[in-house]
Structures are given as structure tokens and as C-alpha cells.
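Colleague: Any chance you can model this:
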Amino acid sequence: MSTNPDASTSPRPEPGGGPEPSAPTGGRPAPAAVRPMPRLIQNEATTEIPVHLLFRDEPDPQPVPLRPAVVNRRQGTGEQPRTRRPMPARARPVAQVDPELGECPARVLPASAGVAAGFGGAAGCVATSWWAGVLPPLAQAALGLPATVGAGLGPAQWAAYAGAGALGLFGFGGLARGRTGRAWVLGLFGRYRGTVRRTGLMWVNPLLLRRGVDVRLRHWRSEPMPAADGSGVALRVVVLVVWRVRDTARAVLGVEDHEGYVRESVEAALVRVPVEPPGGARSSVAAAGETLTRLVAADAAAVGVEVYSVQPVRVEYAPEVAAAMHRRRIAALDAQQRATMLTSVVDSVEDTVTRLTMRGLVELDDYERKVLVRDLTVAFCSGRAGDTAH
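Modeller: Here you go, the predicted structure:
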């Protein structure tokens, strides 16, 4: 503890403001020198406080304001204190695709437009051949065209051939037949151009890339997938998924394989949801199915797939634990059967003894009652065991 060098030479007055000691009078001996009050440690962060003031009772002490806690503050660096702020709980991220990507109808024409364009191109080729003089006379007569001296195949004729042929190919090549339950996702140079859900014969631009999508209601029965029950025992679960494609643009362009995405979503949901083992309550199985449906539907909605139901249809123990769990279940059933039989025997013995006593057929003391109960118990147990064996 550090001390003040002036404390030993000059006394300090009390904080109460009392008078300083005066010189002795009347020949009385001088009193001893007044010792200074001890003080606490004084540095750049504390003030000088007399010790007796620390223990002084105050009627209404003022509350001391508390400063916020300082996190990772380094002394002497001038760094400003940082208060602790509660960290918000992080929610589970939701899968998202391009928000601008959504299904919209594509522009198609009736099949008559394509047929007209195809026949127009064919007619142009015939007219160009007649103009060039390469059309056979028999064809001219069949078509009712007058005979003419051809001008030959020059640049103009070849250009006419190219235009008429392109028109014919463009007309006939764009004819397409739409089927019920199928849709086409059209794209041009990597850009989405719309979806065709119409049925029947129609004309679609042949330059557009067509991707077929099945939009019917579909059932998918999975292969055995790994799962676990509430105790962590390994299971193999087969689930039945009912789903369909709702948004063809997101299903085809938002993910590489929407069918594989649904399968992976089901497998991921099985890891998070405990499934009831074989022989469990039906309510638990139904609750697990509802939870699986909700999780898979939330994951698949981002890619335009609508999931209606995910239900476990077969639950069995994994091969590595199947034998042990089978023995355990057999032992549990045996113990349950024994407990049921013992309860039935005890009830039968009690009923027999009670009836004999209440009707006055026998008068039994404690020893005789015990003997009778023992004999009846042995007889009933032997009879039940024989019935079970048969």
C-alpha cells in the first residue's frame, strides 16, 4: 500500500470541518499528536476516501447506476466500449430460386397456319420449277399449267427455291401434337419463352427448344431409406409420395432434376422425423406422416412441385439390429403374456376364496386360507399353462 509523504509531518483536518487543535494553555501537558486518518489506494481511476466514511450508515442510500458490460476492451488503446447485444435466433433458410422465374403461357398458332405455310412453300417450289423450265410436261398437264420455255436455273430461281423451301419446312416443321397430362417448356437461346399446356394439333415455332414435362398426378414408392425411431434405433422405411408438377418453369429450369430433388427431400426429412417402429401405435405413424408431408412440401414448393402426401407404408428394423430387436420384442410379448396370465389367476383365486367364505361353505383360519390359496394358484397356473401349450 502506498502512503502520502506528507501524512507523517502534518495532520489533516477531519472532513467534518472541525477546528484545528490549538496550543496548550494553563500549564497542562500537551496532548499527543493527532494521527492522520488512513486512506485507501489512490490512482488515476479512484479518489481519496477516508476509511470511516465507508462504514457510515445513511438513511436512504442512492442507487448506484451500473455501466453496460464491456466486451474485449483493451486498456490504453482508446477503443470505445462495446455492449453485448442479444443474438437473434437464426431461422432455417428457405430454398429459393429466381423470383422472376415463373410459368407463363407460350404463344402458339393453330395447326391451320402451319399447314397453310407448308403448302405455300410447296406451291412456291412448283412455281419456281415451272418458271425455270424444269417441271416435267406430265406434271404441267396435271396441274393445268401452260407450257413455257424455261429461263433456266439462275440466281433468281435458286433464291426462290430457298425461300419456298424454308417456308415449307418452317410450316410443316412447327406442327406439334399436345397430349393431356403433358406440357412443353419452350426456350430460345437459353431464355424461357413460355409453357404449352394445350392439347391437340397446333403450330409451335420450330426454332424453340422443347422440353417435355409430365404434369399429371404421380405416385412414387421409394426404396428402403434409412431412418430412426425416438430412441435412435436404426430403421428402414418405405414411403409413398403423392405429388405433381405445379410450375413447369421452376421444375425444369430452377433445378437440374426435380424428381431427384423430391427424393432427396424425402430422405432428408426422414433423418429429422422419428418414425414409429413396427407394431407401434397408429396415431404415432399418422403424426409422422403429417410431419413428413409438411417438411417435404415446404422444400419442394420452391422448385414448383406440389406434394400432397408422404406416408410410410413399410417400416422395419435395419439388418444390423433386426435380430436383436426381434429377440427383445419376443421377450417383451412373453413377459406381457405372463403378467396377464398371473393377473387372471390371482383374480380367479380371490373370487373362489371369497365365494366359499361368504356362502359359509367352509370356515378357514389363516393357515388353512394360505394353504387353499396356494393349492388353487398351482392348479389354475397348471391349467392355464396347458391351455397355452395346446
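Colleague: For the stretch 51-200 of the chain, which residues score under the pLDDT cut-off?
Modeller: Along the stretch 51-200 of the chain, segments meeting pLDDT under 70 span 51-95, 148-151.
Colleague: Break down it into its helices, ranges please.
Modeller: Remark: helices assigned in the stretch 51-200 of the chain by DSSP state H, counting those that start in this stretch are 51-54, 111-132, 137-143, 155-173.
Colleague: and among these, the most buried is which?
Modeller: helix 111-132 (a mean of 17; mean count of other C-beta atoms under 10 Å). Bear in mind the C-beta positions are built from the backbone N, C-alpha and C, glycine included.
Colleague: how far is it from where the chain is centred?
Modeller: Relative to its chain's centre, helix 111-132 lies at 58 Å (C-alpha atoms, centre = their mean, to the nearest Å).
Colleague: go on, stretch 199-210?
Modeller: 38 Å.
Colleague: Specify the residue ranges that define each domain of the protein.
Modeller: 1-55, 109-214, 218-317, 322-389 (automatic domain parsing).
Colleague: Quick one, which of those gets closest to residue 101.
Modeller: Closest to residue 101 of those, according to C-beta to C-beta: domain 218-317, at 5.6 Å.
Colleague: before we move on, back to that, mind putting the helices of the stretch 51-200 of the chain in a markdown table, distance to residue 318 included?
Modeller: What follows is those, written out as a markdown table (distance: least, C-beta to C-beta, whole Å):
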| stretch | distance to residue 318 |
| --- | --- |
| helix 51-54 | 71 |
| helix 111-132 | 57 |
| helix 137-143 | 77 |
| helix 155-173 | 55 |
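Colleague: For residue 212, find the nearest of those helices.
Modeller: Nearest of the helices of the stretch 51-200 of the chain (C-beta to C-beta): helix 155-173, 17.4 Å.
Colleague: packing partners for the closest one?
Modeller: On a contact count with 3 or more C-beta pairs under 8 Å, 6 or more residues apart in numbering; DSSP states H and E, helix 155-173 meets helix 111-132.
Colleague: Show me the contact partners of the helix it packs on.
Modeller: 135, 139-140, 143, 145, 148, 150-154, 157, 160-161, 163-172, 174-175, 200-203 (C-beta atoms under 8 Å, 6 or more residues apart in numbering).
Colleague: got it, and stretch 147-161?
Modeller: Contacts of stretch 147-161 (C-beta under 8 Å, 6+ apart): 124-125, 127-128, 130-134, 137, 140.
Colleague: go on, stretch 245-255?
Modeller: By C-beta under 8 Å, 6+ apart, the residues outside stretch 245-255 that reach it are 97-98, 101-104, 183, 185, 187, 192, 195, 211, 213-215, 258, 261, 302-306.
Colleague: helix or strand right after the longest helix seen in the chain?
Modeller: Using DSSP state H to assign secondary structure, the helix with the most residues in the chain is helix 319-358. Proceeding N to C from helix 319-358, the next assigned helix or strand is helix 366-389, under DSSP states H and E.
Colleague: so residue 357 sits right up against residue 372, yeah?
Modeller: No: look at residue 357 against residue 372 with C-beta atoms under 8 Å: they stay out of range, at 9.8 Å.
Colleague: From residue 228, how far out is residue 136?
Modeller: 81 Å (C-beta to C-beta, to the nearest Å).
Colleague: Settle it for me: which of these two has more neighbours?
Modeller: With neighbours defined as other C-beta atoms under 10 Å, residue 136 and residue 228 compare such that residue 228 has more, 17 against 9.
Colleague: That one bridge partners, please.
Modeller: Applying DSSP bridges to residue 228 gives these bridge partners: residue 234.
Colleague: who's in contact with the residue nearest to the spatial centre of the chain?
Modeller: By C-alpha atoms, centre = their mean, the mean C-alpha position of the chain lies nearest to residue 295, the distance being 5.2 Å. Neighbour list for residue 295: 265, 269, 272-273 [criterion: C-beta under 8 Å, 6+ apart].
Colleague: picking up where we left off before, shared neighbours of residue 357 and residue 372, which are they?
Modeller: residue 364.
Colleague: ok, these two, which is more surrounded?
Modeller: residue 372 (17 against 14).
Colleague: give me every residue that touches that one.
Modeller: Counting by C-beta under 8 Å, 6+ apart, the residues that residue 372 touches are 353, 364.
Colleague: Which pLDDT value belongs to it?
Modeller: The model reports residue 372 with a pLDDT of 81.
Colleague: Wasn't residue 315 part of a helix?
Modeller: No: per DSSP: H, G, I helix; E, B strand; the rest coil, residue 315 lies outside any helix segment and is strand.
Colleague: Flag every buried residue along stretch 200-212.
Modeller: Residues 202-205, 208 are the ones in stretch 200-212 that count as buried (16 or more other C-beta atoms under 10 Å).
Colleague: which residues sit against that stretch?
Modeller: 106, 108-111, 113-114, 169-171, 173-178, 182-188, 193, 196, 252.
Colleague: mind giving me CSV with the buried residues of stretch 200-212 and columns for pLDDT?
Modeller: Below are those laid out as CSV (pLDDT from 0 to 100):
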residue, pLDDT
202, 94
203, 94
204, 94
205, 92
208, 93
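Colleague: can I get the CA coordinates of stretch 341-351 in CSV?
Modeller: What follows is stretch 341-351, C-alpha atoms only, in CSV (Å, rounded to 0.1, in the frame of the first residue of the first chain):
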residue,chain,number,x,y,z
MET,A,341,-52.0,-64.8,-17.0
LEU,A,342,-50.8,-64.1,-13.4
THR,A,343,-53.3,-61.3,-13.0
SER,A,344,-56.1,-63.6,-14.3
VAL,A,345,-55.0,-66.4,-11.9
VAL,A,346,-54.9,-64.1,-8.9
ASP,A,347,-58.4,-62.8,-9.7
SER,A,348,-59.8,-66.3,-10.1
VAL,A,349,-58.2,-67.4,-6.7
GLU,A,350,-59.6,-64.4,-4.9
ASP,A,351,-63.0,-64.8,-6.4
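Colleague: If you count neighbours, what's buried in that stretch?
Modeller: For stretch 341-351, by 16+ other C-beta under 10 Å, it's 341, 345, 348-349.
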